[in-house]
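K.L.:
got a predicted structure plus its sequence, pasted below:
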Amino acid sequence: SHDLVLLDSAITRILHLDEGELIEYKGTYTHYRAARKADEARRVKIVGRQQAEIKRLSTLADSMRHQTQKRARIAKTLDSRVEKLKSRALAPQSSKERSLRLRFPEPPRAGKTVLTVKGLTKSYGGPPVFRAVSFQVGNGERLLVMGLNGAGKTSLLRILTGESEPDAGFTHLGHGVSTGYYAQEHEGIHAGRDVLEHMKSQSPATEQQLRALLGMFGLIGEFAWQDAGTLSGGEKTKLALAQLVAGRHNFLMLDEPTNNLDPPSLQSVAQALSAWPGAMIIVSHDAEFVRRLQPDRVLLMPEGKLDYWSDDLLELVSLA
């Protein structure tokens with residue numbers, strides 16, 4: 001699971017697989033993270049001491065090697081000690097979690113109002129999923145869309161991005177608005193096309209620049225030429241987010257963007273988005289992610305009721 005709340009409330013023991021070695025940690029996920037960090041710091045100190053001793057003995061052996069016969073024998077003994085130390089020494093680097101260092105580019109300028117929505121209604125052959133939904137999104141504003149499953153959150157975003165047509169009503173983008181859409185089911189990622197092709201479809205940047213951007217999301221090396229259809233859920237999420245960065249948008253519509261992300265990657269994405277000054281419409285069940293983003297307003301679906309955001313609503317986020 002990638003659910004931090006679940007991991008902290010349900011887990012009492014964690015097995016960490018590191019370079020073929022299984023390490024056991026007692027306690028919650030938070031306890032594990034603290035213990036793991038302490039272990040890594042301790043490992044760095046031990047490795048430093050080991051490497052310093054190996055260097056000291058090697059230097060001493062080299063200084064004696066071509067002197068008297070007695071000193072040459074001592075040098076040989078020191079060489080044996082160095083080899084024994086090397087065989088027992090810890091590796092200079094353990095397989096640490098790759099932390100993502102993400103930054104969304106400064107958004108292009110846009111008008112005061114980036115989106116106007118009037119009277120949107122949508123049904124699928126039966127009663128409307130939602131009716132007469134109207135609202136505006138200002139430049140730099142963050143709007144959270146909340147509602148139970150089936151309340152029409154994804155349907156609304158698909159209409160706003162032009163992926164679907166409403167039964168009634170209309171939408172209008174403001175002056176200079178460039179929209180980026182993160183689809184929950186990764187509909188924009190297609191099997192049969194490699195990762196780099198997906199990036200090129202979003203940006204005229206050079207191949208080197210696009211590969212550097214992929215690397216920022218941990219998609220390094222041969223990932224660039226891998227069929228996007230073979231990526232894991234987490235890798236598809238990272239590719240979709242990398243496409244948003246490549247597109248240099250000023251208005252993002254994000255439908256559950258943290259699904260499939262491991263906890264460190266989720267925190268990196270939340271930090272990058274929270275620092276980004278562009279406008280956003282967000283659908284998310286992740287209370288910590290929403291808390292980090294600090295929405296300005298909330299749109300309650302299917303009623304289409306607008307209200308100002310309050311942290312008192314956080315406990316409802318995971319339910320809605």
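P.N.:
Yes, it's here.
K.L.:
contacting residues around residue 241?
P.N.:
Residue 241 makes contacts with 102, 182, 217, 257, 269, as judged by C-beta atoms under 8 Å, 6 or more residues apart in numbering. Using the backbone N, CA and C atoms, a C-beta is placed for each residue, glycine as well.
K.L.:
how many neighbouring residues does the spatially closest residue to the fourth one that is not a sequence neighbour have?
P.N.:
Of all residues beyond its chain neighbours, the one nearest residue 257 is residue 182 (4.8 Å), with distances taken as C-beta to C-beta, 6 or more residues apart in numbering. Residue 182: 23 surrounding residues under other C-beta atoms under 10 Å.
K.L.:
again, but for residue 177
P.N.:
In terms of burial, residue 177 registers 21 neighbours under the definition other C-beta under 10 Å.
K.L.:
ramachandran angles for it?
P.N.:
Dihedral angles of residue 177 (phi, psi; degrees, to the nearest 10) stand at phi -80, psi 130.
K.L.:
beta partners for the residue nearest to residue 257?
P.N.:
Under the criterion DSSP bridges, residue 182 forms beta bridges with residue 254.
K.L.:
report the secondary structure state of the residue nearest to residue 309 when sequence neighbours are not counted.
P.N.:
Excluding the flanking residues, the one nearest residue 309 by C-beta to C-beta, 6+ apart is residue 295, at 4.3 Å. Reducing the assignment at residue 295 to three states with DSSP: H, G, I helix; E, B strand; the rest coil gives coil.
K.L.:
what sits against residue 295?
P.N.:
For residue 295, the contacting residues are 142-144, 282, 309, taking C-beta under 8 Å, 6+ apart as the criterion.
K.L.:
give me the pLDDT value at the residue lying closest to residue 263 once chain neighbours are set aside.
P.N.:
Of all residues not flanking residue 263 in the chain, residue 4 sits nearest, at 5.7 Å (C-beta to C-beta, 6+ apart). The score at residue 4 is 73. That number is its pLDDT.
K.L.:
and for residue 17?
P.N.:
For residue 17, the pLDDT comes out at 84.
K.L.:
got it, and residue 98?
P.N.:
Predicted confidence (pLDDT) for residue 98: 60.
K.L.:
same question for residue 93.
P.N.:
Listed pLDDT for residue 93 reads 57.
K.L.:
same thing with residue 14?
P.N.:
91.
K.L.:
again with the one 10 residues further on
P.N.:
Taken from the predicted model, the pLDDT recorded for residue 24 is 91.
K.L.:
that one bridge partners, please.
P.N.:
In this structure, residue 24 has the following beta-bridge partners (DSSP bridges): residue 15.
K.L.:
so it sits against residue 15, correct?
P.N.:
Yes: the pair formed by residue 24 and residue 15 meets the contact definition of C-beta atoms under 8 Å, at 5.8 Å.
K.L.:
tell me how the protein divides into domains.
P.N.:
With domains defined by automatic domain parsing, the chain comprises 10-88, 113-317.
K.L.:
which one of the ones you listed is the most hemmed in?
P.N.:
The highest mean neighbour count among the domains of the chain, using mean count of other C-beta atoms under 10 Å, belongs to domain 113-317: a mean of 18.
K.L.:
the helix ranked longest in the chain: how far from the chain's middle?
P.N.:
Of all the segments assigned as helix in the chain under DSSP state H, the longest by residue count is helix 29-64. Its chain's C-alpha centre lies 31 Å from the corresponding centre of helix 29-64 when counted by C-alpha atoms, centre = their mean, to the nearest Å.
K.L.:
tilt between the helix or strand that comes right after it and helix 29-64?
P.N.:
Following helix 29-64 in sequence order, the next helix or strand is helix 69-88 (DSSP states H and E). Angle of helix 69-88 versus helix 29-64, following axes from the mean of the first three to the mean of the last three C-alpha atoms, to 10 degrees, is 160 degrees.
K.L.:
that older thread, turn the domains of the chain into JSON lines, columns for distance to residue 106.
P.N.:
Below are these laid out as JSON lines (distance: least, C-beta to C-beta, whole Å):
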{"stretch": "domain 10-88", "distance to residue 106": "32"}
{"stretch": "domain 113-317", "distance to residue 106": "8"}
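K.L.:
phi, psi for the residue nearest to residue 293 when sequence neighbours are not counted please.
P.N.:
In space, and not counting its chain neighbours, residue 293 is closest to residue 274: 5.4 Å by C-beta to C-beta, 6+ apart. Backbone dihedrals for residue 274, given as degrees, to the nearest 10, come out at phi -70, psi -30.
K.L.:
ok, residue 274 to residue 290 distance?
P.N.:
10 Å (C-beta to C-beta, to the nearest Å).
K.L.:
where are the low-confidence patches of the stretch 101-250 of the chain?
P.N.:
Low-confidence regions of the stretch 101-250 of the chain, defined here as pLDDT under 70, do not occur.
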